[in-house]
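Participant: pasted the sequence and its predicted model underneath.
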Amino acid sequence: MQAYYFRPWTTQLFLRAGIGEGMSVLDIGSGPGDVSFIAAEIVGPQGSVVGVERDPAAVEAARRRAEHTDIVTFANAELDEFDSDRRFDALVGRFVLTHLPDPATTLHRPTRLVRPGGIVVMHEMDMGNLDVSFPRCQIWNDCYALLVRLFQVHGLAPDFGRRLTNVFLDAGLPWPDVESGAMTGGKPGPTLHAWLGSAVQAVEPLLVRAGIELPENLTVDDSLTETLERAVSASRSLVMGNTHFGAWTRVDESHRSE
Ligand SMILES: C[S@@+](CC[C@H](N)C(=O)[O-])C[C@H]1O[C@@H](n2cnc3c(N)ncnc32)[C@H](O)[C@@H]1O
């Protein structure tokens with residue numbers, strides 16, 4: 001469900017970064033394969049995509065999804081250990097750097113598998129802004145804050161997106177171009193309400209396990225999307241979701257030979 005909302009951001013970012021037909025792409029932290037399949041659609045039948053993922057169950061699920069295509073393959077490996085004789089035209093990743101204890105060092109390694117002049121493009125979220133409705137819609141802000149809190153209790157930086165320039169530079173890459181945009185909405189209709197409603201519903205067991213208290217009177221079930229929609233309509237608010245950050249650059253020869 002969440003992948004559906006993020007797909008347009010990732011697709012536009014990859015095109016903007018210069019990924020195109022016929023390219024070979026390495027996708028780091030490929031999970032169930034969504035990003036690899038986005039890349040595959042862009043590179044087409046003359047191109048190829050390799051996803052690298054540490055979780056064997058995710059790799060298995062991704063491989064099942066790739067049964068009918070020979071453009072996309074998946075390797076089960078740690079990023080710090082993955083190696084290849086190939087040189088790729090592009091390295092891509094989404095929502096993976098934020099999970100790494102030392103993102104710059106881990107990013108540096110696979111960038112050495114990118115040919116000189118090749119592209120490195122990373123997509124991350126930023127949830128550093130907690131003021132996500134105007135006029136204030138309390139239930140919207142409360143639900144959003146639950147997602148942020150969950151990141152924090154797991155030791156993840158909710159404001160990772162804005163760190164991308166630093167991570168690229170620390171990985172020894174040239175200064176990246178960066179673009180960002182927030183998911184915004186409020187107009188009656190299900191889109192952004194359904195995003196937040198389904199996100200909170202999906203993580204509810206994790207919230208409970210982490211001991212994060214739900215706001216009083218908040219019922220987390222299938223009705224949450226509708227509750228949010230009603231509240232936002234009543235306060236006539238513009239509401240926001242995550243801010244997406246995309247950073248991209250091109251690898252130069254000095255970087256590769258380090
Ligand atoms: C939040 S998921 C994102 C999956 C995918 N990129 C997407 O956007 O749909 C992050 C993925 O990175 C993987 N991952 C995290 N650290 C890794 C590492 N050191 N080596 C390989 N995979 C890793 C996780 O197992 C997880 O599947």
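Facilitator: Structure received. Remember, predicted model here, so these are calculated numbers, not experimental data.

Participant: and the longest helix for this protein?
Facilitator: In terms of residue count, the longest helix belonging to the chain (DSSP state H) is helix 191-209.

Participant: next, the buried residues of stretch 188-198.
Facilitator: By 16 or more other Cβ atoms under 10 Å, the buried positions in stretch 188-198 come out as 192-198. Just so you know, the C-beta spots here come from the backbone N, C-alpha and C atoms, and that holds for glycine as well.

Participant: chain center to that stretch, what's the gap?
Facilitator: Its chain's C-alpha centre and that of stretch 188-198 lie 19 Å apart, by Cα atoms, centre = their mean, to the nearest Å.

Participant: what's in contact with that stretch?
Facilitator: Stretch 188-198 is contacted by residues 1-2, 5, 140, 143-144, 183-186, 224-229, 232-233, 239, 241 when judged by Cβ atoms under 8 Å, 6 or more residues apart in numbering.

Participant: quick one: name the residues of the stretch 51-200 of the chain near the ligand.
Facilitator: 52-55, 58, 78-79, 94-96, 99-100 (Cβ under 6 Å from any ligand atom).

Participant: dump those into TSV; add secondary structure and pLDDT as well.
Facilitator: Output for those, formatted as TSV (DSSP: H, G, I helix; E, B strand; the rest coil; pLDDT from 0 to 100):
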residue	secondary structure	pLDDT
V52	strand	98
E53	strand	98
R54	coil	98
D55	coil	98
A58	helix	98
E78	coil	97
L79	coil	97
R94	strand	98
F95	coil	96
V96	coil	97
H99	helix	95
L100	coil	96
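
Participant: of those residues, grab the buried ones for ChimeraX.
Facilitator: Per 16+ other Cβ under 10 Å, the buried members of these correspond to this ChimeraX selection:
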select :52,53,54,58,79,94,95,96,100
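
Participant: closest to E253 among the residues of the stretch 51-200 of the chain next to the ligand?
Facilitator: Here the nearest of these to E253, counting by Cβ to Cβ, is L79; it sits at 22.8 Å.

Participant: ok, that closest one touching L26?
Facilitator: No: in this structure L79 lies outside contact range of L26 using Cβ atoms under 8 Å: 10.3 Å.

Participant: so of the contacts of stretch 188-198, which ones are in helices?
Facilitator: Using DSSP H, these in helices are 2, 5, 140, 143-144, 224-229, 232-233.

Participant: from these, list the buried ones, please.
Facilitator: The neighbour-count test (16+ other Cβ under 10 Å) marks 5, 140, 143-144, 224-225, 227-229, 232 as buried among the ones in helices among the contacts of stretch 188-198.

Participant: among those, which one lies nearest to Q46?
Facilitator: The closest of these, once distances to Q46 are taken by Cβ to Cβ, is Y5, at 29.7 Å.

Participant: from S84, how far off is the residue nearest to A104 when sequence neighbours are not counted?
Facilitator: Leaving aside its sequence neighbours, A104 sits nearest to D170 (Cβ to Cβ, 6 or more residues apart in numbering; 3.4 Å). Per Cβ to Cβ, to the nearest Å, D170 is found 23 Å from S84.

Participant: same check, this time on L218
Facilitator: For L218 relative to S84 (Cβ to Cβ), the value is 47 Å.

Participant: cool, D142 as well?
Facilitator: From D142 to S84 the distance is 46 Å (Cβ to Cβ).

Participant: likewise L224?
Facilitator: Here the criterion is Cβ to Cβ. By it, L224 lies 44 Å from S84.

Participant: again with L26
Facilitator: L26 is 8 Å from S84, by Cβ to Cβ.

Participant: shared neighbours of those two, anything?
Facilitator: Shared contacts of L26 and S84, defined by Cβ under 8 Å, 6+ apart, comprise 50, 113.

Participant: which of these two has more neighbours?
Facilitator: L26 (29 against 13; other Cβ atoms under 10 Å).

Participant: and the helix or strand where the more buried one lies, C-alpha only, in CSV?
Facilitator: Using DSSP states H and E, L26 sits within strand 24-28. In CSV, the C-alpha atoms belonging to strand 24-28 read as follows (Å, rounded to 0.1, in the frame of the first residue of the first chain):
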residue,chain,number,x,y,z
SER,A,24,22.3,-1.4,-16.2
VAL,A,25,21.2,-0.5,-12.6
LEU,A,26,22.2,-1.7,-9.2
ASP,A,27,19.4,-1.3,-6.5
ILE,A,28,20.7,-1.4,-2.9
